[in-house]
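K.L.:
For reference, the sequence and a predicted model appear below.
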Amino acid sequence: MPEPAFLFGQFLGGLTAGMFLFTIAAGLSLIFGVLRVLNFAHGSFYMFGAYLGWQVMSWVGPGTEYFWLAALAAAACVALLGIAIEHCLLRHLYRREELYQLLFTYALVLILADCAKIIWGTGQLSVSRPPSLSGAVQIFGTTVPHYNLFIMLLGPAIALGLWLLMHRSRVGRLVRAAVMDREMLGALGANVGSLYTIMFGIGAFLAGLGGALVTPVKSIVPGMDVEVIVEVFIVVVIGGLGSLWGTFLGALVFGQVLAFGILIMPRFSIFAVFALMAIILIVRPWGLLGKPLR
Amino acid sequence: MSALLELQDVHTAYGLSRVLFGISLQIGAGECVCLLGRNGVGKTTTMRSIMGLTRPSAGRVLWKGRDIAGWMPHRIARAGIGFVPEDRRVFAELTVWENLDVAERAAQRRGPWTVARVYETFPALRDLAGRQAGFLSGGEQQMLTIGRTLMCNPELLLLDEPSEGLAPLVVDRLLEQVGALKDQGLTILLAEQGVDFSLRLADRAYVLEKGTVRHSGPAAELRDDAALRHRLLAL
C-alpha cells in the first residue's frame, strides 16, 4: 500500500491535469452546445494559443510578469482567429449535413498544423513559469507547485464564470433561447448569426487560454493539437457533450483515472481512460450529465 | 391611402413544392385584416414570407413602401413586424419572465411595451413569471407568445392561428385581449381556420385558395352573408 502522502500527490496531479483539460474542453462543449458543431480544430486553437503565448513572451522577454499578458494576448488572438473562421467559412455549412462540418473542421486541423510548422518550425519550444508562481508549497507532505494550485483554482473559476454567463446574464438567456428555437429568436429580432460568432469566439478563447497556460508545464511541439483533441473528446464523451457540469465532471474523472491508472498499470494508464469511455458509450452514450440529442 | 404592408404577386415555395402562386394584399395602418381558408392554402406561408422566414421566390413585400423581400428575419422584426407563430413556440426551458426579457433584448426597438405592461394586458402571466414556459397550459403559452412578440414593440402583428387547440372559454378571453390590442391602434394580420374568431375581430378579409387570393372584401360581408361564406369556405 503506497503512503497517503504519495496518493494525495497523485490526486493533486490528476486534478491539475483534469483542470487543464477542462479549460480546453469547456470551449469545445460550449461550441457544440450552442452551434451543434463538433469542432475538430479545437485542438489546433489550443496549439496556436501555446505558440502565440511563446511568441509574445519571446518578444517582451522571459522571466517577467508579462507571462499573464502574453497568455491573455494569445487567447485573444485565437478568439479572433476563431471568429474569422466562423464568420467567413463555417457559417455557410450550418445548413449542410453534419458530415461536411466535420470534414471542414478536420481540414482546418491539417491547414493550421502546417501553418504552425511554417511559422514556428518543428522543434520544441518552452516557456518558464511566471516568477510570481514559480514557488511551491507543502500540503500534507506533498510538494505542490504554486502554478499547479493556480490551475486547480482556475478550472472551477471558469466553470462558475461560464455558468453565470449562461444563466445569469441577458446574453446567456439569448443564447439558451437560440439553442431552443433559433428561427423564433431571429423572428423576434435577434441577430442569431452574430450570437453564434460570439460564442464560437469564447470557445476558441478558452482553447487558446488553455494552450498558453500549459506552456510552463509542457513543451510546445507539433502534434500537441491532435494529442489534446483526443483527450478532450474523451472528457466530453465521459461527461456529456454540450453540458458544462458534465464537462467539468468528465475532466475530473479523466484526470483521476489517468493519475491512479498509472499506479495499477504503469504502461497502460491511458487504456483505463479508453476503457471508461467505451463503457460510457455503451451504457450512457450521451455522457454522465449530458442529454440525449433530439 | 398608402398601405403599411403590401404584398405584390408573391410566390413562395419550400424547395420544389410551391405553395404561394402570386398573393397580393394590402394592410393599412390600424387595420385588422384576416386571412381565411382551409388548412394548407398558404396562410402560414404568407406570414412566413412576410417575416422572411421563408424567402419569396418572386414578388415584392413592401413595408412602408420599401421592398423587404429577402431581408433576414431579425431585420424585418427590427423594422417593426412582429410574428406570433401558430404552434406557440415559447422558449420552453426559460421562465415566463425570461421569455419576455429575451424578446426585449432581441429586437432592441423602443416603444411602449414593457414587461409590466404585458402583465397588465395578460394578468395571468404575472403570477406565472417564475414558471418555466414549457409547463404552462396552451392558453397561457398563447398569451406568452403574444406578449413576447409585443415586447419587440411591433407596428404590425402577424397572428397565426391564435385560437388553435384552445378551449372555447380561453378563446373568448383571447378574443377580448386581441380586440383590446386592436383598439390601442395596433395593426393586425390574423390567419385563422376558425371563421368566428377572425370575423368578429377583422375589418377586412382575404380568402385564400390553393395559394392564391380567391376573394377579398369587408369582414362584415362574410359575417352576414352565410351563402357567400359557404361558397368560399365550404362551411
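P.N.:
Received, thanks.
K.L.:
where in chain B is pLDDT low?
P.N.:
Judged by pLDDT under 70, chain B has its weakly predicted residues at B:1, B:235.
K.L.:
Could you rerun that using 90?
P.N.:
Along chain B, the model assigns pLDDT under 90 to residues B:1-3, B:15-16, B:37-40, B:87-88, B:107-110, B:163-166, B:168, B:192-200, B:220-235.
K.L.:
how about the strands in it?
P.N.:
Per DSSP state E, chain B carries strands over the ranges B:5-14, B:17-27, B:32-36, B:58-63, B:66-67, B:81-84, B:156-160, B:187-191, B:204-209, B:212-218.
K.L.:
closest to chain A out of the ones you listed?
P.N.:
Across these, chain A has its closest neighbour in strand B:81-84 (4.7 Å, C-beta to the nearest C-beta). Placement of C-beta: from N, CA and C, glycine included.
K.L.:
Now do that closest one: which elements does it pack against?
P.N.:
When contacts are defined as 3 or more C-beta pairs under 8 Å, 6 or more residues apart in numbering or on different chains; DSSP states H and E, strand B:81-84 sits against helix B:43-51, helix B:138-150, strand B:156-160.
K.L.:
Same list (those) but as JSON lines, adding mean neighbour count and distance to chain A.
P.N.:
What follows is those, written out as JSON lines (neighbours: other C-beta atoms under 10 Å in any protein chain shown; distance: least, C-beta to the nearest C-beta, whole Å):
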{"stretch": "helix B:43-51", "mean neighbour count": "24", "distance to chain A": "6"}
{"stretch": "helix B:138-150", "mean neighbour count": "23", "distance to chain A": "7"}
{"stretch": "strand B:156-160", "mean neighbour count": "24", "distance to chain A": "9"}
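K.L.:
Contacts only, for the residue in the stretch 51-200 of chain A that chain B sits nearest to.
P.N.:
Per C-beta to the nearest C-beta, residue A:189 is where the stretch 51-200 of chain A lies closest to chain B, at 3.0 Å. Shown here is residue A:189, whose contacts under the criterion C-beta atoms under 8 Å, 6 or more residues apart in numbering or on different chains are B:74, B:77, B:78, B:103, B:106, B:107, B:108, B:109, B:152.
K.L.:
what subset of those residues is also close to chain A?
P.N.:
The overlap between the contacts of residue A:189 and the neighbours of chain A (C-beta under 8 Å from any C-beta of the partner chain) comes to B:74, B:77, B:78, B:103, B:106, B:107, B:108, B:109, B:152.
K.L.:
Residue B:152 is in contact with the second one, correct?
P.N.:
Yes - at 5.8 Å, residue B:77 counts as touching residue B:152 under the criterion of C-beta atoms under 8 Å.
K.L.:
got any residues that touch both of those two?
P.N.:
Jointly contacting residue B:77 and residue B:152 under the rule C-beta under 8 Å, 6+ apart are A:188, A:189, B:106, B:107.
K.L.:
Next, the residues that contact the longest helix anywhere in chain B from outside, please.
P.N.:
When secondary structure is assigned using DSSP state H, the longest helix within chain B turns out to be helix B:168-183. Among residues not part of helix B:168-183, those counted as contacts by C-beta under 8 Å, 6+ apart are B:32, B:121-122, B:138-139, B:142-143, B:146, B:150, B:157, B:159, B:162-163, B:166, B:188, B:190, B:194, B:197, B:200-201.
K.L.:
who in chain B is up against chain A?
P.N.:
Taking C-beta under 8 Å from any C-beta as the criterion, chain B approaches chain A at residues B:51, B:53, B:72-74, B:77-78, B:82-83, B:85, B:89, B:91-94, B:98-99, B:101-103, B:105-109, B:148-149, B:152.
K.L.:
switch to 7 Å and redo it
P.N.:
Proximity of chain B to chain A, by C-beta under 7 Å from any C-beta of the partner chain, involves residues B:51, B:53, B:73-74, B:77-78, B:83, B:85, B:89, B:91-94, B:98, B:101-103, B:105-109, B:148-149, B:152.
K.L.:
Inside helices: which ones of these?
P.N.:
Among these, the members falling in helices are B:51, B:73-74, B:77-78, B:98, B:101-103, B:105-107, B:148-149 (criterion: DSSP H).
K.L.:
In the residues you listed, which residue is surrounded by the most others?
P.N.:
Taking other C-beta atoms under 10 Å in any protein chain shown to define a neighbour, the member of those with the most is residue B:103, carrying 31 neighbours.
K.L.:
my guess is that one meets residue B:152, correct?
P.N.:
Yes - here residue B:103 reaches residue B:152: they are 5.6 Å apart, a contact under C-beta atoms under 7 Å.
K.L.:
if you skip the residues just before and after it, what's nearest to whatever residue of chain B ends up closest to chain A?
P.N.:
Nearest residue of chain B to chain A (C-beta to the nearest C-beta) works out as residue B:107 at 3.0 Å. Distance criterion C-beta to C-beta, 6 or more residues apart in numbering or on different chains; nearest residue to residue B:107, sequence neighbours excluded, is residue A:189 at 3.0 Å.
K.L.:
Doesn't that neighbour lie inside a strand?
P.N.:
No - with DSSP: H, G, I helix; E, B strand; the rest coil as the criterion, residue A:189 is located in coil rather than a strand.
K.L.:
Tell me how many other residues crowd residue 76.
P.N.:
Went with chain A since none was named. If you count neighbours by other C-beta under 10 Å, residue A:76 ends up with 17.
K.L.:
You answered for a different chain; I wanted chain B.
P.N.:
When counting by other C-beta under 10 Å, one arrives at 23 neighbours for residue B:76.
K.L.:
shouldn't it be in contact with residue B:52?
P.N.:
Yes - assessed by C-beta under 7 Å, residue B:76 is found in contact with residue B:52 at 4.7 Å.
K.L.:
the strands in the stretch 51-200 of chain A, which residues?
P.N.:
Assigned by DSSP state E, counting those that start in this stretch, the stretch 51-200 of chain A shows strands spanning A:136-139, A:142-145.
K.L.:
List, one by one, the residues from chain A near chain B.
P.N.:
So far as C-beta under 7 Å from any C-beta goes, chain A lies against chain B at A:170, A:173-174, A:176-177, A:180-181, A:183-191.
K.L.:
and among the strands of chain B, the most buried is which?
P.N.:
strand B:81-84 (a mean of 28; mean count of other C-beta atoms under 10 Å in any protein chain shown).
K.L.:
what's the offset of it from the middle of its chain?
P.N.:
Distance of strand B:81-84 from its chain centroid, counting by C-alpha atoms, centre = their mean, to the nearest Å, is 6 Å.
K.L.:
What of stretch B:23-36?
P.N.:
11 Å.
K.L.:
what do you get for stretch A:21-35?
P.N.:
7 Å.
K.L.:
Tell me where chain A has helices.
P.N.:
Counting by DSSP H, chain A has these helices, from start to end: A:4-35, A:42-60, A:66-88, A:98-120, A:146-168, A:170-180, A:182-187, A:192-214, A:224-239, A:244-264, A:269-283.
K.L.:
Quick check: the gap between the residue lying closest to residue A:218 once chain neighbours are set aside and residue A:47.
P.N.:
Leaving aside its chain neighbours, residue A:218 sits nearest to residue A:224 (7.4 Å; criterion: C-beta to C-beta, 6+ apart). Here residue A:224 is placed at a distance of 5 Å from residue A:47 (C-beta to C-beta, to the nearest Å).
K.L.:
again, but for residue A:147
P.N.:
As judged by C-beta to C-beta, residue A:147 and residue A:47 stand 20 Å apart.
K.L.:
These two: which has the busier surroundings?
P.N.:
residue A:47 (30 against 19).
K.L.:
Give me the pLDDT for that one.
P.N.:
Among the per-residue scores, residue A:47 shows a pLDDT of 97.
K.L.:
hey, what's in contact with both of residue B:103 and residue B:152?
P.N.:
Common neighbours of residue B:103 and residue B:152 are listed as residue A:188 (criterion: C-beta atoms under 7 Å, 6 or more residues apart in numbering or on different chains).
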